[in-house]
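[1] got a sequence here, can you model it:
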Amino acid sequence: MAATPEKPAPAASRRRTGRHRGEGQWAVGHMTPLNANEQAKRDDDGLNVRTRIETIYSKRGFDSIDGADLRGRMRWWGLYTQRKPGIDGGKTAILEPEELDDKYFMLRVRIDGGRLTTAQLRVIGEISQEFARGTADITDRQNIQYHWIRIEDMPEIWRRLEAVGLSTTEACGDTPRVILGSPVAGIAEDEIIDGTPAIDEIYRRIVGNKDFSNLPRKFKSAISGSPQLDVAHEINDMAFVGVNHPELGPGFDVWVGGGLSTNPKIGVRLGTWVSLEEVPDVYEGVISIFRDYGYRRLRNRARIKFLIADWGAEKFRQILEDQYLLRKLADGPAPEQPVARWRDHVGVHRQKDGRYYVGFAPRVGRVDGTILTKIAELAENHGSGRVRTTAEQKMIVLDIEESRVESLTAGLEALGLRVNPSPFRRGTMACTGIEFCKLAIVETKARGASLIDELERRIPDFAEPITININGCPNACARIQVADIGLKGQLVLDDDGNQVEGFQVHLGGALGLEAGFGRKVRGLKVTSAELPDYVERVLLRFQEQREDGERFATWAARASDESLS
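    This next block holds a predicted model:
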């Protein structure tokens, strides 16, 4: 879509806003690359690196990879270098990238809408076993991530993925990332509208299209017609949320400008109602505004949330309508408050066709290739061959006849995959952590798994919904600010004055229409060794002090610092 650029603000106005150098917005004439990342993207589109991977790097090996490709453009095809083993968290911010890089990669497989067939899942599992030392984590963006990938194996991995309709295209990088979708789209009894056709059309138009492959930063989006609000719409760059308009019927409410990391913001409503057919056009308009008006001078201000914060929803909507859509959008209502306390679809649930879907919980999203192939086998034997990933690091098997639910559940449980998990297994999420991530400071996956075990042993009767999100660094990939108990990894001092792995604690964050960020108690940090004791103590105080029906987040907002320490 072509834009009609705004006239640059007068010099006096620019001085008043403190941005006399400009923010690197293409649409107002700031086309000169302003940092190394922008220069690398101008030098060569990230999508072009695949040819070099297939024809040069996969044949000559890791040491042949150009540095700008290695730590930049290869992300356009889902590849990040992983952390070299044995480097402790204290060196994360000290060492140069080449000192942190291992000669292996993380590879992200994008799964738009979380939709998989059992044939696809089996291939994912086989690739894990053959090329990734068994690794295959489910992310909180419905993707699958491998580790230990060699550059020499990438042509064969792509061949196998693409043979079953899977892709790593723009799974990372300054690109339109995976489109989150309700994992029960098209099957849930309470669904307002099925957003699947819009996801498919957006993917067809946008993903791999060089008109949209050079954005200021990543662009995360979500589409869900579920009244459970099951795609974390509040913290996406753009989201479409199912609503019923009193005159126009089922459609979507549009949100923009959410995001976490070190400067978290809850998205804002544009106040529009969009039909299913209009969703791809509106998506294209919004991502085009981001491309053209997004801030490119400083990467730490380049996400769309900063543009929204400066412009406001009213101006953003006006520019979307006047310069990109060339028409007005209908006003519309906000989504209703969800009834369900959990949004992950774990458990046994009836579909609108009378069959059932069964959601289950791995621990902190960690599975492996063998487990995935066994899930595929169970799903084929009990259902129609359809499975889904969720935005909570969970999975779902669809289309189960009532008579087969018990057998499927038993098969999943035998694999250690709980259909009726404890609140701790169900609600604990962890990012990749120091095991593989070059940005991480502390261990997360193993820490989360052991915390679940300890809490199940210590307080087995705890039955309230609780989210415990563990992140290895400040970047909040595991959504620490919007968890009941959010744990941000950092180095802390133990009682003997030794520097050890630990966490800054955020308490009482939440998603939903009462979305908000957790509070931080001054000076509250815990070592990794102290973590089970701390979480147990806080949860027992919550049980003692809560009012009837009170959620943890509500209690945490009013509790004293002493109660939270």
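[2] strands of the stretch 201-350 of the chain, start to end?
    Defined through DSSP state E, counting those that start in this stretch, the strands belonging to the stretch 201-350 of the chain, from first to last, are 219-224, 238-245, 249-256, 268-274, 330-331, 347-350.
[3] the shortest one: how far from the chain's middle?
    Taking the mean C-alpha point of strand 330-331 and that of its whole chain, the gap between them comes to 29 Å (CA atoms, centre = their mean, to the nearest Å).
[4] residue 90 is nearest to which of the strands of the stretch 201-350 of the chain?
    Between residue 90 and these, the tightest spacing by CB to CB is seen for strand 219-224, at 30.5 Å. Where C-beta positions appear, they are placed from N, C-alpha and C, glycine not excepted.
[5] pull out the buried residues from the closest one.
    Buried residues in strand 219-224, defined by neighbour count with 16 or more other CB atoms under 10 Å: 219, 220, 221, 222, 223, 224.
[6] again, but for stretch 409-419
    With burial defined by 16+ other CB under 10 Å, the residues of stretch 409-419 counted as buried are 409, 411, 412, 417, 418, 419.
[7] can I get these in TSV including pLDDT?
    Compiled in TSV, those are given as follows (pLDDT from 0 to 100):
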residue	pLDDT
409	98
411	98
412	98
417	98
418	97
419	98
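[8] ok, which pair from the residues you listed is furthest apart?
    Distances among those were taken as CB to CB; the most separated pair is 411 and 418, at 12.5 Å.
[9] from the buried residues of stretch 409-419, pick the one nearest residue 59.
    Using CB to CB, the shortest approach to residue 59 within the buried residues of stretch 409-419 belongs to residue 417, at 39.8 Å.
[10] strands - which of the buried residues of stretch 409-419 land there?
    Judged by DSSP state E, the subset of these located in strands is empty.
[11] which of these lies closest to residue 518?
    Distances from residue 518 to those, taken by CB to CB, are shortest for residue 418, at 26.2 Å.
[12] show me what the closest one is bridged to.
    Judged by DSSP bridges, the bridge partners of residue 418 are residue 361.
[13] for it, give me its contacts.
    Contact partners of residue 418, counting by CB atoms under 8 Å, 6 or more residues apart in numbering, are 360, 361, 412, 425, 426.
[14] cool, and residue 374?
    When the contact criterion is CB under 8 Å, 6+ apart, the partners of residue 374 are residue 415.
[15] let's go with 10 Å and repeat that
    For residue 374, the contacting residues are 121, 122, 125, 367, 368, 411, 412, 414, 415, 417, taking CB atoms under 10 Å, 6 or more residues apart in numbering as the criterion.
[16] which strand or helix spans it?
    Counting by DSSP states H and E, the element that carries residue 374 is helix 369-382.
[17] can you pull out the helices in the stretch 301-450 of the chain?
    Taking DSSP state H, counting those that start in this stretch, the helices of the stretch 301-450 of the chain run over residues 304-311, 313-319, 369-382, 402-414, 423-427, 445-458.
[18] going by contacts, tell me the helices and strands next to the shortest one.
    Same thing as helix 423-427. Under the contact criterion of 3 or more CB pairs under 10 Å, 6 or more residues apart in numbering; DSSP states H and E, helix 423-427 touches helix 445-458, strand 468-471, helix 531-545.
[19] just to revisit the earlier point, need the buried residues of stretch 409-419 in a markdown table (columns: distance to residue 24).
    Conversion of the buried residues of stretch 409-419 to a markdown table gives the following (distance: CB to CB, whole Å):
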| residue | distance to residue 24 |
| --- | --- |
| 409 | 53 |
| 411 | 54 |
| 412 | 50 |
| 417 | 47 |
| 418 | 48 |
| 419 | 50 |
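[20] reformat the helices of the stretch 301-450 of the chain as JSON lines; add distance to residue 287.
    Compiled in JSON lines, these are given as follows (distance: least, CB to CB, whole Å):
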{"stretch": "helix 304-311", "distance to residue 287": "9"}
{"stretch": "helix 313-319", "distance to residue 287": "13"}
{"stretch": "helix 369-382", "distance to residue 287": "32"}
{"stretch": "helix 402-414", "distance to residue 287": "38"}
{"stretch": "helix 423-427", "distance to residue 287": "32"}
{"stretch": "helix 445-458", "distance to residue 287": "32"}
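[21] tabulate the CA atom coordinates of stretch 351-371 in CSV.
    Written as CSV, here are the backbone C-alpha positions of stretch 351-371 (Å, rounded to 0.1, in the frame of the first residue of the first chain):
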residue,chain,number,x,y,z
GLN,A,351,-16.6,-29.0,20.5
LYS,A,352,-19.5,-27.5,18.7
ASP,A,353,-19.8,-30.6,16.5
GLY,A,354,-20.3,-32.9,19.6
ARG,A,355,-16.8,-34.3,19.6
TYR,A,356,-14.2,-33.2,22.2
TYR,A,357,-10.8,-31.6,22.3
VAL,A,358,-8.2,-32.4,24.9
GLY,A,359,-5.6,-29.9,26.1
PHE,A,360,-2.5,-31.0,28.0
ALA,A,361,0.4,-29.4,29.8
PRO,A,362,4.1,-30.2,29.3
ARG,A,363,6.3,-28.7,32.0
VAL,A,364,7.4,-25.2,31.0
GLY,A,365,6.9,-26.0,27.3
ARG,A,366,9.7,-28.5,27.2
VAL,A,367,9.1,-31.5,25.1
ASP,A,368,11.4,-33.5,22.7
GLY,A,369,11.3,-35.1,19.3
THR,A,370,10.3,-38.6,20.7
ILE,A,371,7.4,-37.1,22.7
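[22] buried residues of it, list them for me.
    Of the residues in stretch 351-371, those with enough neighbours to count as buried (16+ other CB under 10 Å) are 351, 355-369, 371.
[23] with stretch 324-344 instead?
    By 16+ other CB under 10 Å, the buried positions in stretch 324-344 come out as 324, 325, 329, 332, 335, 338, 342, 343, 344.
[24] please apply the same query to stretch 154-170.
    Neighbour count says stretch 154-170 has 154, 155, 157, 158, 160, 161, 166, 167, 168, 169, 170 buried, by 16+ other CB under 10 Å.
[25] which SSE is the nearest residue to residue 80 once chain neighbours are set aside in?
    Of all residues beyond its chain neighbours, the one nearest residue 80 is residue 106 (4.6 Å), with distances taken as CB to CB, 6 or more residues apart in numbering. With the criterion set as DSSP H and E, the secondary-structure element containing residue 106 is strand 101-109.
[26] by contact count, what packs against the helix or strand that comes right after that strand?
    Using DSSP H and E, the helix or strand that follows strand 101-109 towards the C-terminus is strand 115-117. Contact analysis of strand 115-117 by 3+ CB pairs under 10 Å, 6+ apart lists helix 118-131, helix 196-206, helix 369-382, strand 386-389, strand 395-400 as its packing neighbours.
[27] perfect, I'm done here.
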